[in-house]
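[1] using only what follows, build the 3D model:
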Amino acid sequence: MTIYSVRSWCIYLSMILVIAACSKEDQAPPKTTIAAAEFTPQSNAAAAVPVSWYQLEFKLIRETPGFSPPVAARALAYTGVALHEAVVWSDRYGHSLSGQLNGLSNVPRPEWGKRYNWELAANSAMADIIRNLYPNASAANQALITALDSTNKAAASGSCGADEINRSVNFGKQVAAAIYTWSTTDGGKDGYLNNFPTDYVPPVGPAFWVPTPPAFQRAMLPYWGNNRLMVRPASLETAGIAHPAFSTDTASAFYKAAYFVYNKVNTLTPEETTIARYWADGGGTFTPPGHMLAITAQLITDNGLSLTEAAKLFAQAGIGENDAAIVCWKYKYKYNLLRPVTYIQTYIAAGWNSLIGTPPFPSYTSGHATFTSAAGNILADYFGSGFSFTDNQKVAEGFTPRAFNGFQQMIDEASISRVYGGIHYQFDSQVGAQTGRDIALRVLALRY
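    Predicted structure coming up:
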């Protein structure tokens, strides 16, 4: 990538930034009680800073080797936590996630009585955490990180004095360093380097997963379910909800579930085919978690959320996606259920193939359903369950925007898309959506 193209990309992002006067907000005290007169309301345009970073992060997910859906979800989550902790002290009612998230403590606080520009703090924190979370990004994309950091800093500095600029930037860096250090202890730090560990030996038997067409790859991230959840469960994680018992009897629930997939793929309507392809989000895309965070960014921009509101919502959605990946992958490798293509080719129709490629990990439960339900329920909590919106995220890929009358409609469509695609049983999606909702409720129970 040339210097010109780096600058052009950053100019494109900076067009959404509004250069505002320097924010002169005093630091909130440790106990979030302070007279209203001591605060200056933030401009809603300040949310453009984190949105610009997420737009770059979606590009990084697409182009950086190893960022499969769980790895991407993890990076998006730590980005959101760093953002939240960098700006939470600008909100008199805000609560740090330190002491609430699993293993997170001693996150830096601003100096009492000092003035901070929270846009600068947010920008600095996001620049540093993203550099650390994508260490294998290409040189061109590393240059984009540096350029966006500089562009946002110039736009947000306004009339700030040098002391306030340095103090704000350094605080963001301190927060990012603390969040990154915490991230290194969760079990997933080097996941991007080892998506397909060679030491994993899958169980053998007619009900168990085997590599699937078209690539017949090894099992992806079989140990991801052992990673640390960000939100402590109210009780020890249960074994999950069991799927219908494996059977080849044509009268059994399992056979009927597989036959439903077989028949559905063979009789798809044009709209069902579009839905399957729209939600595919496979290799080389921003992945299902990235799709959810892209919708979050779009809604933040469309609805003019403030910096603190945006930070809260980005953090919630990211935490939900991270924990959705861990719980879903835990169940995938607990049950190790074979994919529909394996069952159908063996017991129903040897020449049958799914509409979209089957990903390289077990079927139960559905990652798409879990990811979309976790984020969708979090977004519904903020905007309202009946909030109508249009997802514009796939226009560049040739898709027409998809309009929804509420977040549950989005969850249902993304969940059934995997059945239309021929890669999941209906019960995979149904239980995945239930799991995602349970995760969302845990995330929403925290104080932000």
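[2] low-scoring stretches of the protein, by residue?
    Across the chain, the ranges flagged by pLDDT under 70 are 1-44, 234-240.
[3] quick one, longest helix in it?
    Using DSSP state H, we find that the single longest helix of the chain is helix 307-335.
[4] show me what that helix is packed against.
    Packing partners of helix 307-335 (3 or more C-beta pairs under 8 Å, 6 or more residues apart in numbering; DSSP states H and E): helix 48-63, helix 69-87, helix 118-133, helix 287-302, helix 367-383, helix 426-444. Backbone N, C-alpha and C define where each C-beta goes, glycine included.
[5] list the buried residues of it.
    Within helix 307-335, the residues that qualify as buried are 307-333, 335, counting by 16 or more other C-beta atoms under 10 Å.
[6] and for stretch 120-138?
    Neighbour-count burial for stretch 120-138, counted by 16+ other C-beta under 10 Å, picks out 120-134, 137.
[7] which of those residues lies closest to residue 242?
    Each of the buried residues of stretch 120-138 was checked against residue 242 using C-beta to C-beta; the closest is residue 133, at 35.5 Å.
[8] give the contact list for that closest one.
    Residue 133 makes contact with 75, 78, 79, 180, 183, according to C-beta atoms under 8 Å, 6 or more residues apart in numbering.
[9] for residue 162, same thing?
    By C-beta under 8 Å, 6+ apart, the contact list for residue 162 is empty.
[10] quick check: phi and psi at it.
    Main-chain dihedrals, residue 162, degrees, to the nearest 10: phi -60, psi -40.
[11] repeat for residue 279
    The phi/psi pair for residue 279 (degrees, to the nearest 10) reads phi -90, psi 10.
[12] name the nearest residue to it, sequence neighbours excluded.
    Nearest residue to residue 279, sequence neighbours excluded (C-beta to C-beta, 6 or more residues apart in numbering): residue 417, at 3.9 Å.
[13] measure that neighbour to residue 69 for me?
    Between residue 417 and residue 69 the computed distance is 15 Å (C-beta to C-beta, to the nearest Å).
[14] that older thread, other SSEs contacting the host helix or strand of the residue nearest to residue 279?
    Per DSSP states H and E: residue 417 is located in helix 407-420. Packing partners of helix 407-420 (3+ C-beta pairs under 8 Å, 6+ apart): helix 253-266, helix 270-278, helix 367-383, strand 402-404, helix 426-444.
[15] again, only using 10 Å
    Applying 3 or more C-beta pairs under 10 Å, 6 or more residues apart in numbering; DSSP states H and E, we find helix 407-420 packed against helix 253-266, helix 270-278, helix 287-302, helix 367-383, strand 389-391, strand 402-404, helix 426-444.
[16] for the longest one, buried residues please.
    So that's helix 426-444. 426-433, 435-444.
[17] same check on the third one?
    For helix 287-302, the buried set under the neighbour-count rule, 16+ other C-beta under 10 Å, comprises 287-301.
[18] quick check, nearest of those to residue 47?
    Nearest to residue 47, judged by C-beta to C-beta, of these is residue 300 at 5.6 Å.
[19] out of the helices and strands packed on helix 407-420, the one nearest residue 242 is which?
    In terms of C-beta to C-beta, the element of the helices and strands packed on helix 407-420 nearest to residue 242 is helix 426-444, at 9.2 Å.
[20] run the chain-centre distance for that closest one.
    Remark: helix 426-444 is offset 15 Å from the chain centroid, using C-alpha atoms, centre = their mean, to the nearest Å.
[21] quick one: contacts for the closest residue in space to residue 419 that isn't next to it in sequence?
    For residue 419, ignoring the flanking residues on the chain, the nearest one in space by C-beta to C-beta, 6+ apart is residue 426 at 5.6 Å. By C-beta atoms under 10 Å, 6 or more residues apart in numbering, the contact list for residue 426 reads 256, 257, 260, 261, 264, 366, 415, 416, 418, 419.
[22] go through these and name the one nearest residue 377.
    Ranked by distance to residue 377 (C-beta to C-beta), the contacts of residue 426 are led by residue 415 at 12.6 Å.
[23] against residue 360, how distant is that closest one?
    Residue 415 is 20 Å from residue 360, where distance means C-beta to C-beta.
[24] and residue 399, by the same measure?
    Residue 399 is 25 Å from residue 360, where distance means C-beta to C-beta.
[25] between these two, which one's more packed in?
    residue 360 (19 against 14; other C-beta atoms under 10 Å).
[26] correct me if wrong, but that one is in a helix.
    No: Residue 360: not assigned to a helix; according to DSSP: H, G, I helix; E, B strand; the rest coil it is coil.
[27] check contacts around the residue lying closest to it once chain neighbours are set aside.
    Of all residues not flanking residue 360 in the chain, residue 217 sits nearest, at 3.8 Å (C-beta to C-beta, 6+ apart). Contacts here follow C-beta under 10 Å, 6+ apart; on that basis residue 217 touches 195, 196, 211, 358, 359, 360, 361.
[28] same question, residue 97
    Residue 97 is in contact with 80-81, 84-85, 88, 104, 107, 179, 230-231, 315, 319, 446-448, counting by C-beta under 10 Å, 6+ apart.
[29] now name the helix or strand holding it.
    Secondary structure from DSSP H and E places residue 97 outside every helix and strand.
[30] ditto for residue 178
    Remark: residue 178 resides in helix 162-183, with elements defined by DSSP H and E.
[31] kindly report the same for residue 93.
    Short version, using DSSP H and E: residue 93 is in no helix or strand.
[32] thanks a lot, catch you later.
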